[in-house]
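[1] Next input, structure requested:
(chains A and B)
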Amino acid sequence: MKTYDIVIIGGGPAGLAAAVSARKSGIESILIVERDKELGGILNQCIHNGFGLHTFKEELTGPEYAARFIEQVKELDIEYKLNTMVMDISHEKVVTIMNRTDGMVEIQAKAVILAMGCRERSRGALNIPGYRPAGIFSAGTAQRLVNMEGYLPGRKVVILGSGDIGLIMARRMTFEGAKVQVVAELMPFSGGLKRNIVQCLDDYDIPLKLSHTVVDIRGKQRVEGVTIAEVDNHGKPIPGTEEDYDCDTLLLSCGLIPENELSNGMGVDMNRVTSGPNVNESLETSIDGVFACGNVLHVHDLVDFVSEEATTAGKNAAKYVKDGEGRAEGGRDIVLNPIEGVRYTVPGTINVDRMDDNLTVRFRVGGVYKNVYVSAYFDDERVIHKKRPVVAPGEMEDIKLTKAKLQEYPDLKTITIKIEEA
Amino acid sequence: MFDVMIIGAGVSGSAVARELSRYKVNACVLEKEEDVCCGTSKANSAIVHAGYDAAEGSLMAKLNVQGNLMMEQLSKDLDFAFKKNGSLVICRAEEDMPNLQALYERGLKNGVKELKILNTAEVKEMEPNITDEVVAALYAPTAGIVCPFNLNIALAENANTNGVEFKFNTEVLDIKKIDGGWKIVTNQGDYETRYVVNAAGVYADKFHNMVSDEKITITPRRGDYCLLDKNAGGHVAKTIFALPGKFGKGILVAPTVHGNLIVGPTAIDIDEKEGTNTTAEGLNEVISKAEQNVKDLPMRSVITSFAGLRAHESHHEFIIGEVEGAKGFIDCAGIESPGLTSSPAIGVMVAGILKEKMGLEEDPTFNGIRKGILDPDTLTKEERDALIKENPAYGNIICRCEMVTEGEILDAIKRPLGARSLDGVKRRTRAGMGRCQSGFCSPRTMEILARECNMSMEEITKSGGDSKIVVGTNKDSI
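    Take a look at the predicted model:
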């Protein structure tokens, strides 16, 4: 059986950055496995700009951002396989891959980095009543048809969900000659970035109806119209608020789900809030030597943070391989406890002995809060108290911890992170 | 002139066609949709019923039990998925026990084997996720689950291989009596035939009433369903029915042959024969009633919901036979549950009627064996590796949720009565039937269909007709 030090599952932004980082940390034997025909993942269909402001201090398109990493992968001579599906990963890190030329091949990895990304929530999972005609697309599928293949999915469009892809597609469909009539959002706030609402809806006079959902889909063969209604505080449609829209297309941008079938198959511990693996400070899952980063771990809004996270995962995977049997075991684990408005944290635990000098803890909040503090309590002592004019579910938050600081608290068991009123 | 024209390529029409293809006969199936299995046959519970439900002495009871007995061998001959998983009818109230007992006794009279009434402990041991309120249950080991699509498709394919013609996108508009037979007026022209089989599902009354003064009424009875992800498929192993009684009719919970969990149906009589739209009320009823018999159902794992229409005849009985005063017109009407189970027996019965009337001779070239689309998941890694070396298309995954390869999709397109639409590919291979509901694979499947069928991307449909997926190219209206 062929062996690699590190096998990276997925050649999107997470996998690419993890590979570059692992190579720069001194690992020669790396394989990236990518199921599509090119590296870059979903960035290849994100032809709008706005990528890389944090990483490269300039505005790039998705393909340009991906290219920066693909160039590095090629310069560093990192091996990758395209058009290749990972069929299975065993608990012992035997990766079974399949493609047209190699057939079914088993590979033994010393470390695995999970970087499979996410998928979109479908109409079925949303349980929207009505007919099931053609013309209902997840926003990402429509984006692929338009941006990669040049086909127009429809001419009169209603969008349900104000996730970033839906917002971007509202603008894109308008550019391509379609009329986007309305974006309906179930929640009383948008799940997308503020800048996308301004640049993709407001600038094109596309109304955003918060606390609204689709309650009926008409048309037996192709969508002929949808009905939108206002919802109450529990998300239930309010009778009498129905409005009919004639349209031939319904786009859905109602959330992303980390694609963890392989992780589940190998027995990785999962987090119910993120639908991604539970990870420690090294972004290592419950299985030793199996790391996770990017949207498979938790859904990000900015690719810059994916790259940053993946760089950490790559470095830690490299360290795991290099330390081998001599890896430091034991030490104390500090548990991160997200409460009061904070839905989850990545990582979920911190081993102070193993952690880097600096650690970014990322999290999302459950609602829109204005003029609040993001606070971190080291057991009962409030150590971080960061003022934020506004925090929202659509924008990932973080706090920075340092090893030096944590070492000042030798008995620390729990770091509680919460939102506090000003 | 055809010898026999069958109206409808659902499971009944296809079963009749396949049984008829045993004989030397010039037969043709007319289907208004673009494919087989587009009506009631594609949207139902996919259950092979044991046979204790239907009234004693009814045709429904007889064909149900016969169909049940035939299904396993048929699944081997025609290579479609079938599993004898058994069923439980759950009784949750002591006062309903007489109903359970009555069901048991009816089953015995209908000739259902191995029926047994289980007590609470026996039920809980068999199915730990059954409600704690269970008092007793009727256990029917002979009940099963089947792939409704491939049962229908396999019957049709095998009929076609044995010489039965299929005309799709052909809607029957009128039926007229002519000398020695019937003239069938369709949107594609007129045909003449000696015999007609009316297997038109919810439209069977329309055609019956064209030739008979004894009118029948088929009411579309809508059933809403939710389908759950494969991660919920193991929640129960047997098909769990509610005992009709104190709590109303109830909702069934069953694993599917593909490892999903199906929950439903409602029963709502409607006027519209194409009214396959789900409603909020219907879906809410499914969700709220599902937990009556099965606890901790992971309803957040729903991957899709859909509605099917039962072809409900007012007397709740199959109407099979030559229509009085309409010589040569054979009804196969009112085929509602247990119609899917009964279909193999319906096929034999109708073909038998035709054989008798027409004096048909057996066709020695008939081959009743059909090989289905190869599912590489059933192979060992070594076999699969060898398959890819021989045909690289089997190494290319198109649907990542259901792990369907290009090889399977090509087979679905190229075989007899091959797929021409996304839904056609889906029903044959499961591509697009998984948890992302075709978000990932649909553009890729479209490319394969376009390439193999010499169609443009703009011509590709979801399910024929006007169900086009894309409407043009970027900026074509600017």
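
[2] isn't residue A:287 right up against residue A:91?
    Yes. Using C-beta atoms under 8 Å, residue A:287 makes contact with residue A:91 at a distance of 6.5 Å. Quick note: C-beta positions are derived from backbone N, CA and C, even for glycine.

[3] Which neighbours do those two have in common?
    Both residue A:287 and residue A:91 are in contact with A:266, A:267, where contact means C-beta atoms under 8 Å, 6 or more residues apart in numbering or on different chains.

[4] the more surrounded of these two?
    The neighbour comparison of residue A:287 against residue A:91 (other C-beta atoms under 10 Å in any protein chain shown) goes to residue A:287, with 18 against 11.

[5] element containing the residue in the stretch 51-200 of chain B that chain A sits nearest to?
    Across the stretch 51-200 of chain B, no residue is closer to chain A than residue B:169, which sits at 12.5 Å (C-beta to the nearest C-beta). Per DSSP states H and E: residue B:169 is located in neither a helix nor a strand.

[6] show me what contacts the closest residue to it other than its chain neighbours?
    Closest residue to residue B:169 apart from its sequence neighbours, by C-beta to C-beta, 6 or more residues apart in numbering or on different chains: residue B:34 at 5.6 Å. Neighbouring residues of residue B:34 by C-beta under 8 Å, 6+ apart: B:168, B:169, B:420, B:421, B:424, B:461, B:463, B:464, B:465.

[7] Please repeat the previous calculation with a cut-off of 6 Å.
    Residues in contact with residue B:34, defined by C-beta atoms under 6 Å, 6 or more residues apart in numbering or on different chains, are B:168, B:169, B:464.

[8] Against residue B:2, how distant is it?
    Distance of residue B:34 to residue B:2, given as C-beta to C-beta, to the nearest Å: 21 Å.

[9] Can you find the residue of chain A that comes nearest to chain B?
    At 3.0 Å from chain B, residue A:124 is the closest residue in chain A, using C-beta to the nearest C-beta.

[10] mind listing what that residue touches?
    Counting by C-beta under 6 Å, 6+ apart, residue A:124 touches B:303, B:304, B:437.

[11] what ranges do the strands span in the stretch 1-150 of chain B?
    Counting by DSSP state E, counting those that start in this stretch, the stretch 1-150 of chain B has strands at residues B:2-7, B:27-30, B:47-48, B:82-83, B:87-91, B:116-119, B:136-140, B:144-146.

[12] Adding mean pLDDT, distance to chain A and mean neighbour count, write those out as TSV.
    Shown next, in TSV, are those (pLDDT from 0 to 100; distance: least, C-beta to the nearest C-beta, whole Å; neighbours: other C-beta atoms under 10 Å in any protein chain shown):
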stretch	mean pLDDT	distance to chain A	mean neighbour count
strand B:2-7	98	20	25
strand B:27-30	98	20	25
strand B:47-48	96	21	26
strand B:82-83	98	23	18
strand B:87-91	96	25	27
strand B:116-119	97	33	14
strand B:136-140	97	29	25
strand B:144-146	98	20	25
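
[13] Reformat the ones you listed as a markdown table; add distance to residue B:391.
    Shown next, in a markdown table, are the strands of the stretch 1-150 of chain B (distance: least, C-beta to C-beta, whole Å):
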| stretch | distance to residue B:391 |
| --- | --- |
| strand B:2-7 | 35 |
| strand B:27-30 | 31 |
| strand B:47-48 | 33 |
| strand B:82-83 | 27 |
| strand B:87-91 | 40 |
| strand B:116-119 | 48 |
| strand B:136-140 | 42 |
| strand B:144-146 | 29 |
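
[14] Out of the ones you listed, which is closest to residue B:277?
    Among the strands of the stretch 1-150 of chain B, strand B:47-48 comes nearest to residue B:277, with 23.1 Å by C-beta to C-beta.

[15] now that closest one: how far from the chain's centre is it?
    Between the centre of strand B:47-48 and the centre of its chain there are 10 Å (C-alpha atoms, centre = their mean, to the nearest Å).

[16] Could you do stretch B:278-293 as well?
    Here stretch B:278-293 is found 22 Å from its chain centre; the criterion is C-alpha atoms, centre = their mean.

[17] and chain B, which residues reach chain A?
    Chain B comes close to chain A at residues B:274, B:277-280, B:283, B:302-305, B:381, B:384-385, B:388-389, B:392, B:395-397, B:436-437, B:439, B:443, B:457, B:462, B:465-467, B:469-475, B:477-478, as judged by C-beta under 6 Å from any C-beta of the partner chain.

[18] For those, which PyMOL command selects only the ones that are buried?
    The PyMOL command for the buried members of these (criterion: 16 or more other C-beta atoms under 10 Å in any protein chain shown) is given here:
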select buried, chain B and resi 277+278+279+280+283+302+303+304+305+384+385+388+392+395+396+397+436+437+439+443+457+462+465+467+469+470+471+472+473+474
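
[19] which parts of stretch B:117-132 are buried?
    Buried-residue list, stretch B:117-132, by 16+ other C-beta under 10 Å: B:117, B:118, B:123, B:124, B:126, B:127, B:129, B:130, B:131.

[20] Those residues in helices, which ones?
    Counting by DSSP state H, the part of those found in helices is B:123, B:124, B:126.

[21] Correct me if wrong: the first one contacts residue B:136.
    By that I understand residue B:123. No. Counting by C-beta atoms under 6 Å, residue B:123 stays clear of residue B:136, with 7.3 Å between them.

[22] Look up the closest residue to the residue of chain A closest to chain B, ignoring the ones flanking it.
    Spatial nearest neighbour of residue A:124, excluding adjacent residues (C-beta to C-beta, 6+ apart): residue B:304 at 3.0 Å.

[23] do residue B:228 as well
    Nearest to residue B:228 is residue B:261, by C-beta to C-beta, 6+ apart, at 4.0 Å.

[24] May I have the beta-bridge partners of that neighbour?
    residue B:228, residue B:255 (DSSP bridges).

[25] quick one: pLDDT of residue 203?
    Picking chain A for this. Residue A:203 carries a pLDDT score of 96 in this model.

[26] look at chain B instead
    Residue B:203 carries a pLDDT value of 97.
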